[in-house]
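Q: sequence first, predicted coordinates after that:
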Amino acid sequence: MAHDPERCKQIFALLSEYLDLEMPPEACAEIESHMTDCAPCIEFAESLKATIALCRQHSPEVRPKPLSAEAKATLQSAWQQVLASRK
Amino acid sequence: MTREQETELTRSVLAGDSAAFDAFVEHFRAKVFHYTWLMCGQREDAEEVAQDTLLGVFQHLDDLREPERVRPWVFRIARNACLTKRRHSVFAPARELSLDEFVPVVHGDGQHRHIEIADWSLLPEDTLLQSELKEQLDCAIAALPDNYKSVVLLRDVEALSTEETAQILAVSTDTVKTRLHRARLALRQKLDQYLNTAKPGGGR
């Protein structure tokens, strides 16, 4: 099949929507049919997919300092006031 | 914690359960701190925004009609607390990312076409990210322009939906999609450069 670099560029612009399954089924099928046959698009899409997966697994390395007793008391009092205001 | 677990926890907090209160504070304080720390880069600011956010959350707790939506609701309050903190820089010009910056270069022709790309199989397979890679990802996220950073943090790190993210940031869903794609491309590019120069997990 003749390779169309313009098509690769169009797909490049749509890859996130494609990977997030936010595209209409017909558009999705079109991209899939191009992908079966285009090594650069497949390779690029795989690396983008891996990037998204890394973000999804990302848990913070930096954590806040332990909450001070004073700050906790402030929050607790705001919460208690809301609970009390319902009665 | 999954969103279902957050919903349950929130229901208990609404019902006045003290143990749930402690767990809620610990969980959301860490989340908001991380978001703000990556948004503004200052530990003190992030600690303050996390406290201001939680205070706003508890003061307006009864405004939360649907406990299922607690995560986007907390992040909406965090976003506003973050903007208040940074009001001095609100008028700084926003940098835009263009798709052209990230188009891969294709070499060869016919069956032999290939792109310049690192060996992504070098990424650690286990789900717990190694600390060096985590650090790279944090740096790459922190380096994004603010408009893009907030979208990728809410959509990919916090796993909020396109609609929820659009509501929090007060932009259209199309804007969220466009910014998300460009932000991901920028992160992919940074990670690709990292993989080209390092062997994650295997030392240098």
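A: It's in. Numbers count the residues shown, from 1 in each chain, chains lettered A, B, ... in the order given.
Q: residue ranges for the helices of chain A, please.
A: A:5-19, A:25-35, A:39-57, A:69-85 (DSSP state H).
Q: got those helices as JSON lines, with mean pLDDT columns?
A: JSON lines is the format used below for the helices of chain A (pLDDT from 0 to 100):
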{"stretch": "helix A:5-19", "mean pLDDT": "91"}
{"stretch": "helix A:25-35", "mean pLDDT": "91"}
{"stretch": "helix A:39-57", "mean pLDDT": "92"}
{"stretch": "helix A:69-85", "mean pLDDT": "96"}
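Q: could you identify which of those is most buried?
A: helix A:39-57 (a mean of 18; mean count of other C-beta atoms under 10 Å in any protein chain shown). In short, each C-beta sits where N, CA and C put it, glycine included.
Q: touching chain B at all, that one?
A: Yes: interface with chain B: helix A:39-57 contributes A:39-40, A:43-44, A:46-48, A:50-52, A:54-57 (C-beta under 8 Å from any C-beta of the partner chain).
Q: let me know the pLDDT of the spatially most central residue of chain B.
A: By C-alpha atoms, centre = their mean, chain B has its centre lying nearest to B:Leu153, at 1.3 Å. pLDDT for B:Leu153: 96.
Q: now it: how far from B:Leu14?
A: B:Leu153 sits 27 Å away from B:Leu14, going by C-beta to C-beta, to the nearest Å.
Q: can you check A:Ala27 too?
A: On the measure of C-beta to C-beta, A:Ala27 and B:Leu14 end up 42 Å apart.
Q: same question for B:Glu164.
A: To B:Leu14, B:Glu164 is 20 Å away according to C-beta to C-beta.
Q: and these two? Which one has more around it.
A: B:Glu164 (21 against 18; other C-beta atoms under 10 Å in any protein chain shown).
Q: that one: what secondary structure?
A: helix (DSSP: H, G, I helix; E, B strand; the rest coil).
Q: residues contacting it?
A: B:69, B:71-72, B:154 (C-beta atoms under 8 Å, 6 or more residues apart in numbering or on different chains).
Q: and with 7 Å instead?
A: B:Pro72 (C-beta atoms under 7 Å, 6 or more residues apart in numbering or on different chains).
Q: now, which of the residues of helix A:39-57 next to chain B sits nearest B:Leu61?
A: B:Leu61 lies nearest to A:Arg56 out of the residues of helix A:39-57 next to chain B, by C-beta to C-beta, at 28.8 Å.
Q: wait, that closest one touches B:Asp156, no?
A: Yes: with contact defined as C-beta atoms under 7 Å, A:Arg56 reaches B:Asp156; the gap is 6.1 Å.
Q: which neighbours do these two share?
A: With contacts defined as C-beta under 7 Å, 6+ apart, no residue is shared by A:Arg56 and B:Asp156.
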